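> Using only what follows, build the 3D model:
(chains A and B)
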Amino acid sequence: DAGVIQSPRHEVTEMGQEVTLRCKPISGHDYLFWYRQTMMRGLELLIYFNNNVPIDDSGMPEDRFSAKMPNASFSTLKIQPSEPRDSAVYFCASSLAGAGAKGPANYGYTFGSGTRLTVV
Amino acid sequence: AQTVTQSQPEMSVQEAETVTLSCTYDTSESDYYLFWYKQPPSRQMILVIRQEAYKQQNATENRFSVNFQKAAKSFSLKISDSQLGDAAMYFCAYTGGFKTIFGAGTRLFVKA
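Next up, the predicted model:
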């Protein structure tokens, strides 16, 4: 397996533009997570899915952020309109909970390489 | 609420020497998991080692081992025979139920 694949690796956009980040999780993993990493706030969980269904989006900062997972092999995180404070590295991660697991990440995450977003 | 604290923002080690990175956490749960992740300059976070709280035996993965002290809520990472490729940010993480908490990270420098 090629691991979790994210695109693009870098994105520079102007304030007010729409940005779409993409993620392909590891085949067979039943959970998918979107994280944001900044120097000030560290790693923040934005949203996670179980079997393509959004479970917890309480970390999504505001309505400008939305995420979808139309099938088991693809997810998007969209920011519309983008603002300079959205500049960060966005990570997608997937996990396999396993039979009897009490939570989605007990075996750890497999992260993608991240997308560095710069909004100017 | 659960917290994870990494008190060492930076650490430095000589190549081939041993270094220990500290992590403490706070929780009222009895069943949880602890992890160390490595984030090299390439940016991708890589799982280094995993510890189950109900197991007393310390986890080991090649040159990486942990010292898990459940009563003290301490979970340190020992890197033996340090290599230049070990230079990275290291994050301690706690997972209990449906929540994962990451520490702020420790940047490890390896001197040749």
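
> make it CA atoms for all contacts and neighbour counts henceforth
Fine.

> Is it correct that B:Tyr33 is in contact with B:Gly97?
No. With contact defined as C-alpha atoms under 8 Å, B:Tyr33 does not count as touching B:Gly97 (9.1 Å).

> Neighbouring strands of the worst-scoring helix or strand of chain B on mean pLDDT in the sheet, and parallel or not?
The weakest-scoring helix or strand in chain B, judged by mean pLDDT, DSSP states H and E, is strand B:99-102 (a mean of 90). Paired strands of strand B:99-102, with direction, are strand B:88-96 (antiparallel) (DSSP bridges).

> For the residue lying closest to A:Glu18 once chain neighbours are set aside, give me the pLDDT.
Using C-alpha to C-alpha, 6 or more residues apart in numbering or on different chains and skipping the chain neighbours, the partner closest in space to A:Glu18 is A:Gln80 (4.5 Å). Looking at A:Gln80, its pLDDT is 97.

> could you list every residue that touches A:Gln80?
By C-alpha atoms under 8 Å, 6 or more residues apart in numbering or on different chains, the contact list for A:Gln80 reads A:Gly16, A:Gln17, A:Glu18, A:Val19, A:Arg64, A:Phe65.

> B:Tyr33 and B:Gly97: which has the busier surroundings?
Shown here are B:Tyr33 and B:Gly97; by other C-alpha atoms under 10 Å in any protein chain shown, B:Tyr33 has more neighbours (21 against 16).

> can you pull up the bridge partners for the more buried one?
Per DSSP bridges, the residues bridged to B:Tyr33 are B:Glu52, B:Thr95.

> so what's it up against?
Taking C-alpha under 8 Å, 6+ apart as the definition, contacts of B:Tyr33 comprise A:Asn106, B:Arg50, B:Gln51, B:Glu52, B:Ala53, B:Tyr94, B:Thr95, B:Gly96.

> Please identify the one among those residues that lies nearest to B:Gln6.
Nearest to B:Gln6, judged by C-alpha to C-alpha, of the contacts of B:Tyr33 is B:Tyr94 at 11.9 Å.

> Check the burial of that closest one by counting its neighbours.
The number of residues near B:Tyr94, taken as other C-alpha under 10 Å, comes to 28.

> My read is that it contacts B:Thr100, right?
Yes. Using C-alpha under 8 Å, B:Tyr94 makes contact with B:Thr100 at a distance of 5.5 Å.

> hang on, the earlier thing: report the buried members of the contacts of A:Gln80.
A:Val19, A:Phe65 (16 or more other C-alpha atoms under 10 Å in any protein chain shown).

> buried sites along the least confident helix or strand of chain B?
B:Thr100, B:Ile101, B:Phe102.

> Contacts only, for the second one.
For B:Ile101, the contacting residues are B:Gln2, B:Thr3, B:Val4, B:Ala93, B:Tyr94, B:Thr95, by C-alpha under 8 Å, 6+ apart.

> Kindly write the PyMOL command that selects the buried subset of these.
Here is the PyMOL command that selects the buried residues among the contacts of B:Ile101 (16+ other C-alpha under 10 Å):
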select buried, chain B and resi 4+93+94+95
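
> A:Ser113 contacts B:Pro41, correct?
No. The pair A:Ser113 / B:Pro41 is not scored as a contact, 10.7 Å apart, by C-alpha under 8 Å.

> Compare those two (neighbour count), which wins?
Using other C-alpha under 10 Å, the more surrounded residue of A:Ser113 and B:Pro41 is A:Ser113, with 24 against 10.

> that older thread, just the contacts of A:Gln80 now: which is nearest B:Gln83?
A:Val19 (38.8 Å).

> what stretches of chain A score poorly on pLDDT?
A:1, A:98-102 (pLDDT under 70).

> For chain A, what lies in contact range of chain B?
Where chain A comes near chain B, counting by C-alpha under 8 Å from any C-alpha of the partner chain, the residues are A:42-43, A:102-114.

> Great, nothing more from me.
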